[in-house]
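Peer 1: Pasted the sequence and its predicted model underneath.
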Amino acid sequence: MKKLTITTLRHTALIGICLVMVFPLIWMMLGSVKTSKEAMNPDMFLPDIIHLENITYVFKYTPLMKYIGNSIFVALIATAIQLVTGAMLAYAFAFIDFKGRNLLFGIVMGTYMLPSAATYIPAFVLLSKMGLLNSRTGLIVSQSVSIFGIFLLRTAFLQFPKELLEAAKMDGAGDWKILWKVVAPVTKSSFITFGLMSFISLYNNYMWPSLITKDERYYQVAQGLRSFFIEDGAYGTNWARVMAGSTVIIIPLIILFAFTEKWFISGLSGDTGVKG
């Protein structure tokens, strides 16, 4: 009886926390089918009439779908590059014994402690000299390495059995083949977790793309949503349409998470698939 009570309390607490976390999302989705006046009324949770014209307006009369396409393209390419660069560096730090390895890893991780804003000016100057401002190439190249990804993948690689590594080397496999044919398949949950987190971060990124892209053709979703819907100021904004646009923006992320939830959770829990 006591165990049942504790379990009930635990589940009740978790349900309550989940409701608090998901409430802003629900409010936004409901606001997308309200009038602008209803969307700004805190006492009105459900709409009197469902106004699907807000969603229709976003698809027909705004460039938001183009911005979503830009964000998906940049996020996919940059995430793929981050997976490759992160795996290579993580493999070197985990399996290759070279002089100064721990010191170099400490320096790399030390850069993770720097505020992102501290890197904006030197990165901007570098991209300017390379002629990569106002371009998708600049957005991708400037986000091609993730320090967090290196740390996450190295942690997973360190759990990989040394016996399998030595066996692969004895069979004549090189480091490149060992990484992608032996280590990566076993630690795929960590790769998926890193890829999902990286994609979400890149897809939602606002500050850095806003600094290096001024051409509307290359706008990301966060830039596009702000520039298009809030151009008339807070008091002239149709907030129901803003919420409709925001709802459309998060659809790719919801679909992505739905298909990768199992691996994402196992990666966060530290289950790399390696059995001792």
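Peer 2: Great, that's in hand. As the structure is a computational prediction, the values presented were derived from the model and not from experiment.
Peer 1: Mind naming the longest helix for the chain?
Peer 2: Ordering each helix of the chain by length in residues (DSSP state H) puts helix 64-95 first.
Peer 1: Quick check: what element follows that one along the chain?
Peer 2: Going down the chain from helix 64-95, the next helix or strand is helix 101-111, by DSSP states H and E.
Peer 1: what angle sits between the next helix or strand after that next one and helix 101-111?
Peer 2: For helix 101-111, the succeeding helix or strand toward the C-terminus, using DSSP H and E, is helix 117-130. Computed by axes from the mean of the first three to the mean of the last three C-alpha atoms, to 10 degrees, the angle separating helix 117-130 from helix 101-111 equals 100 degrees.
Peer 1: what mean pLDDT does helix 117-130 have?
Peer 2: Per-residue pLDDT values over helix 117-130 give a mean of 90.
Peer 1: got the contact list for that helix?
Peer 2: By C-beta atoms under 8 Å, 6 or more residues apart in numbering, the surrounding residues in contact with helix 117-130 are Leu133, Gly138, Val141, Ser142, Met207, Trp208, Leu211, Ile212. Every C-beta, even on glycine, is put in place using the N, C-alpha and C of the backbone.
Peer 1: Run through who's touching the following helix or strand past it.
Peer 2: Downstream of helix 117-130, the first helix or strand assigned by DSSP H and E is helix 136-141. By C-beta under 8 Å, 6+ apart, the surrounding residues in contact with helix 136-141 are 70, 73-74, 77-78, 81, 127, 130, 132, 209, 212-213, 218, 220.
Peer 1: Next, format those residues as a markdown table and append neighbour count.
Peer 2: Below are the contacts of helix 136-141 laid out as a markdown table (neighbours: other C-beta atoms under 10 Å):
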| residue | neighbour count |
| --- | --- |
| Asn70 | 23 |
| Phe73 | 14 |
| Val74 | 23 |
| Ile77 | 18 |
| Ala78 | 25 |
| Ile81 | 17 |
| Leu127 | 20 |
| Met130 | 13 |
| Leu132 | 17 |
| Pro209 | 23 |
| Ile212 | 19 |
| Thr213 | 21 |
| Tyr218 | 20 |
| Gln220 | 25 |
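Peer 1: Now the buried members of the contacts of helix 117-130.
Peer 2: Buried members of those, scored by 16 or more other C-beta atoms under 10 Å, are Leu133, Gly138, Val141, Ser142, Trp208, Ile212.
Peer 1: Closest one of the residues you listed to Val242?
Peer 2: Trp208 (22.5 Å; C-beta to C-beta).
Peer 1: so the closest one touches Ala78, yeah?
Peer 2: No: between Trp208 and Ala78 there is no contact under C-beta atoms under 8 Å: 11.2 Å.
Peer 1: Need the residues touching each of these two.
Peer 2: Gln143.
Peer 1: Check the offset of the host helix or strand of Arg241 from the chain's centre.
Peer 2: Here Arg241, judged by DSSP H and E, is contained in helix 239-268. Taking C-alpha atoms, centre = their mean, to the nearest Å, one finds helix 239-268 lying 10 Å from the centre of the chain it belongs to.
Peer 1: what inclination does it have with respect to helix 64-95?
Peer 2: Going by the same axes, to 10 degrees, helix 239-268 makes 20 degrees with helix 64-95.
Peer 1: who does helix 239-268 touch, helix- and strand-wise?
Peer 2: Using 3 or more C-beta pairs under 8 Å, 6 or more residues apart in numbering; DSSP states H and E as the contact test, the elements touching helix 239-268 are helix 2-31, helix 36-39, helix 53-61, helix 64-95, helix 188-204, helix 221-229.
Peer 1: one step back: closest to Ala87 among the contacts of helix 117-130?
Peer 2: Using C-beta to C-beta, the contacts of helix 117-130 come closest to Ala87 at Val141, 18.4 Å.
Peer 1: Same list, the contacts of helix 136-141, but as a markdown table with distance to Val22 please.
Peer 2: Listed next are the contacts of helix 136-141 as a markdown table, based on distance: C-beta to C-beta, whole Å:
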| residue | distance to Val22 |
| --- | --- |
| Asn70 | 28 |
| Phe73 | 29 |
| Val74 | 28 |
| Ile77 | 31 |
| Ala78 | 28 |
| Ile81 | 33 |
| Leu127 | 38 |
| Met130 | 43 |
| Leu132 | 39 |
| Pro209 | 27 |
| Ile212 | 34 |
| Thr213 | 32 |
| Tyr218 | 32 |
| Gln220 | 25 |
